[in-house]
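Enquirer: Sequence plus predicted model, see below.
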Amino acid sequence: MLLPRHVGTIVLAAWLILTGLSAFVNLGDLRKLLDLGAIAAGVLLLLSR
């Protein structure tokens, strides 16, 4: 399966935006999803290298 070259960067950008918004909005259970998003971004960035 071929992934776009910058998919890890896109996931990382989304994670950073949601993490910044979590300071202003209570995300509740969405924190677990943010943690998984951070792991996915790291893995995708490593795979693209």
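Expert: Perfect, I can see it now.
Enquirer: for the protein, what spans make up the helices?
Expert: 7-21, 30-47 (DSSP state H).
Enquirer: how about these in JSON lines, adding mean neighbour count and mean pLDDT?
Expert: (Each C-beta comes from the backbone N, C-alpha and C, glycine too.) Listed next are the helices of the chain as JSON lines, based on neighbours: other Cβ atoms under 10 Å; pLDDT from 0 to 100:
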{"stretch": "helix 7-21", "mean neighbour count": "14", "mean pLDDT": "85"}
{"stretch": "helix 30-47", "mean neighbour count": "13", "mean pLDDT": "84"}
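Enquirer: got the contact list for the spatially closest residue to Ala38 that is not a sequence neighbour?
Expert: In this structure, Ala38 finds its nearest non-sequential neighbour in Trp15, 5.4 Å apart by Cβ to Cβ, 6 or more residues apart in numbering. The neighbours of Trp15, taking Cβ atoms under 8 Å, 6 or more residues apart in numbering as the test, are 34, 37-38, 41.
Enquirer: now stretch 25-38: how far from the chain's centre is it?
Expert: 10 Å (Cα atoms, centre = their mean, to the nearest Å).
Enquirer: before we move on, back to that, show me which of the contacts of Trp15 is closest to Ser48.
Expert: Here the nearest of the contacts of Trp15 to Ser48, counting by Cβ to Cβ, is Ala41; it sits at 10.7 Å.
Enquirer: roughly how far apart are the closest one and Ile10?
Expert: Counting by Cβ to Cβ, to the nearest Å, the gap from Ala41 to Ile10 is 9 Å.
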